[in-house]
Every structure is written in structure tokens, then in C-alpha cells.
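J.: I'd like to go over a predicted model; first the sequence, then the structure.
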Amino acid sequence: MKILALDLGTSSVRGLVLDGDLRPLPDGLARRKVVLTAADDGTGTLDARVYLDCLLACLDELSQRGRLRGVELVAVSAQWHSVLPLGPDDEPLGPVLTWLDTRPEPPAAQAGPVDPDAFHQRTGTWWHRCYWSMRLPWLRARLGGTPTRFVGLVEYVLGRLLTDAPMSVSQASGTGLLDLCTLEWDAEACALAGVRGTELPELAPPDWTGRLRTGSARRWPDLARARWTAPIGDGAASNVGSGCVDPTRAAVTVGTSSAVRLLQRMPAGAQLPPLPDRLWRYRVDHDHVVTGAAYSSGGNLFAWAQRTLRLPTGAELDAALAALPPDGGRPAGVGFGGDRPPGRRPAGSGELRGLGFGTTAVELLAGLMHGVCEQVVDDLVGLESTVGQQVQVVLGGGAMAASPWWRQAFTTVLAPRTVRFGRHAEIGATGAALVACGRIAEAATVADIGRTDDQTSPATA
């Protein structure tokens, strides 16, 4: 059986074709970069129609190469927290608000949850600008038209391809409106958001599978009979793809942003264990949850430094970093994009300190990279408190694959824990495929976990 795994991220759209052993096929990867509109006022938006075009282009490319032939199953990893208002014609009334957008504020006269702790335990989230409970009223106040309903970006793009595209419980948990135990929309959260059930997506049942519309099947005949499985949040997919699927291993993933997460089996309806104040909890599927913390800073800081500083490139940059100790950069505050929940710092809170005329661009970069490492430590301790033991850490994500120095910096900061490196390059797509196939237990083997000083370049082809 061949599997098509889609990774609908913030910085790119990717399609990866895997064989029955979940190994990438030669020439089986197509990707398109995504243009994110970001500004110092906290804007972080995407154009939904352009994003859809990127996905179509990936599918067309794989089809033209003959790589879709024999695909029986389509798995999807998609960004959490996005929201898109749709009008009566199901067309967007504005851009997609991504996780990076920090502009939403609560209405002046509105109070938050009656019992904030109970709300946090029930939904795994807070009344915060990242979630629909605060985002939807803010959007309504700014829109020129009246939205008929709200969807996430993945529901919009799949809705154009499939006969139906309900919202998975994983994506719904990222809205902040879902009761994680009952797996129904939470009444108090919906009241804060000012929405009725008809304005929210239908929730996908545990056994949901989708099929292409007639027009889509004509465009990609090799996918006409393929089953599409319910999308899972990109953070959950990355945990599975990193091989971190039990309480002994936490994943630290650095892609565009960064996060630390722990996955546990907790079937729907089961009593959930207490959730520490600073951590969120979302659904992977109907049987698993992922608990953790996320940060707006990660590989995007590296990208900023590349654009802004006169950095060396390639082997020259690697050698310059290797000459520095893991803490050899200048002190940095990494709040360039503001805080993810529960923090409330706005965008533009980044800092570079301790500068002198002898400070080099590489030292500035190293300080930023080290700052990303340090932000993880306290939340990792909180995660360990939920399982009563110190855990092993597996590093993953594109930024980790690209920088041995960064991996070593994490190893130093997270000591005395054992720190390993997941060498599989496409952890989001592969994680989604593992969940879709019901093979989560095999994740550690597929992830190819190795040493952090491994110089092998991950490849998907």
C-alpha cells in the first residue's frame, strides 16, 4: 500500500508519498513555499486561495511524476489554531488568522471564564488571543461582511477537494472550544466566542474517511479511490513522527516555531489527569492526547538572522558556530513574535543584549539559537511532573536537522537528561501517516532516533 502524506504548515505545503513500510519513495516529495504576511503590529496571516493553489500544485507535480499511482490512503498534518471566516457562498471574507497573529483582544465589556482553572482543565486551553474563544468576536468586529461560519485553513482547502470535510477532534482541540473528555463543543467556550453550533464545523466521527469530489477525481484519477483520513494537528503529528509516543520521551521540535510535547494514551471519555498551569493539552485523535508548550520563536529567528545579518553561509557558518561553545553567543530575548499561550507579550518583544564593537553576526545568531533552547527548560520540568519521572528528549524538525551546533546547544541546556536526534526529515507527514495507519506504536523505529552529533544529512529521496 502507498500512502500520500500531506503536511499543511505555516511556511510550506508538502506532499510526501510513502511505501507500505512508511519509507519515502524516490522523487516522492513535492513542496511549495507559503508567503506569510507578518508585521510588527502582530499580524500573522495567510491567503486561503493562494494556499489552496500551493496544495493543488503539489498534487499536480506528484501526479505528473506518476507518484500518485497506487496511493490508497491520504494522511494530513495541518497547522493548529488557524481560523477563516466564510460568507454565504463559502468564500473567504478575509485572510486566514494563523497561530502567529497576536492582534486579537477581548471585547471591553466581556469577562472571561467563570472558573478559569476549570476551563483550562476541561478544554486544555485558556481564554487567550490564540484561540477561537477570543478570536471570533475580534474577527466579527473587524469584518465588513457577516460570516456564515468559521473554519480552519485545513477544512477550507479539503472542503474544495473532498465531498465533505468535517473538523477532526485534533483540529477542534486547537480551537480552544472543545471539551477534551466528551469531545463535544464546550458550551462556555462557545458562549465566549459568540457562536452557535451551525457556525462551527461538523465534528468528524472516529471512523470518518473522505473521498475526492468528481472534479478532483478527474484531475487526479490515481486518487479517485483513495481514502482520506481525519487531519491531525501539526504538533501532534511531529511528536509521532519524532518517535515520542509514550511518557518516557518528550519531543522538542524546532521548525518555523518550536515546542516541547509529551504524548499519552487517553481515550475519549476517560478522566484526564490534572494539567499544570502553564501547559496546554490537545487531542491527537480519539485515543491520545498531547500535552506541552509552544513558542513563537524557532527556525524563524534563524531566517530573520539570515535576512538581516551579514552571516557566512554553508560550511563556513557551520565552522564559525563550531568555534563557539553552546552558550557562546550574546544574550538574547527571543520574543520577536510575541508569546504563545498562556503568555501575553505582544509581537516585537525581542532583544539583543551585551553588544560591543567586537560582536560578530555569528555571535548574535548563536545567542538567538541558545535563547530558543533556554525557553524549553521550565516547561519540560512541568511536563515531567505529569508523569513523575525525568524523560528522554528527542530533537526533531527542519532546524534541528540543519544544525549540529543547535542540537549540541540543546543537549547542554537540557542536561542531565538524555537527548537524542530524530533523523527522519519529514516528521510531520510521517507522523500523520503513522496515525492514519493505526501504527503509532511503530513510531520510534520509523523515526530513526540517533545521536545529536550525527552528521548524516536526512533525506526523503
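T.: Received it, and whenever you're ready, just let me know what you need.

J.: could I get the CA-only coordinates of stretch 226-240 as PDB?
T.: Included here for stretch 226-240 are C-alpha records, laid out as PDB according to Å, rounded to 0.1, in the frame of the first residue of the first chain:
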ATOM      1  CA  ALA A 226      -8.100   6.700  -2.100                       C
ATOM      2  CA  ARG A 227      -9.400   7.200   1.500                       C
ATOM      3  CA  TRP A 228      -8.600  10.500   3.200                       C
ATOM      4  CA  THR A 229      -8.300  10.300   7.000                       C
ATOM      5  CA  ALA A 230      -9.100  13.000   9.500                       C
ATOM      6  CA  PRO A 231      -6.300  15.600   9.800                       C
ATOM      7  CA  ILE A 232      -4.300  15.900  12.900                       C
ATOM      8  CA  GLY A 233      -2.600  18.900  14.400                       C
ATOM      9  CA  ASP A 234       0.900  19.500  13.200                       C
ATOM     10  CA  GLY A 235       2.300  19.400  16.700                       C
ATOM     11  CA  ALA A 236       0.700  16.000  17.400                       C
ATOM     12  CA  ALA A 237       2.000  14.700  14.000                       C
ATOM     13  CA  SER A 238       5.500  15.900  14.800                       C
ATOM     14  CA  ASN A 239       5.500  14.100  18.100                       C
ATOM     15  CA  VAL A 240       4.500  10.900  16.500                       C
END
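
J.: quick one: contacts for residue 307?
T.: Taking CB atoms under 8 Å, 6 or more residues apart in numbering as the definition of contact, residue 307 has no neighbours. For the C-beta atoms, the positions are set from N, CA and C on the backbone; glycine is no exception.

J.: element containing it, please.
T.: Residue 307 is located in helix 299-308, with elements delineated by DSSP states H and E.

J.: please name the nearest non-neighbouring residue to residue 213.
T.: Here the nearest residue to residue 213 in space, its sequence neighbours aside, is residue 163; by CB to CB, 6 or more residues apart in numbering that works out to 5.6 Å.

J.: so the one you found sits against residue 215, correct?
T.: No: with the criterion set as CB atoms under 8 Å, residue 163 and residue 215 do not qualify as a contacting pair; they are 10.9 Å apart.

J.: and the two? Which one has more around it.
T.: residue 163 (13 against 9; other CB atoms under 10 Å).

J.: by contact count, what packs against the longest strand seen in the chain?
T.: Ranked by residue count and defined by DSSP state E, the top strand of the chain is strand 24-33. Helices and strands in packing contact with strand 24-33 are listed as strand 12-18, helix 48-64; criterion 3 or more CB pairs under 8 Å, 6 or more residues apart in numbering; DSSP states H and E.

J.: ok, now which ones touch residue 204?
T.: Residues in contact with residue 204 (CB under 8 Å, 6+ apart) are 166, 167, 168, 169, 230.
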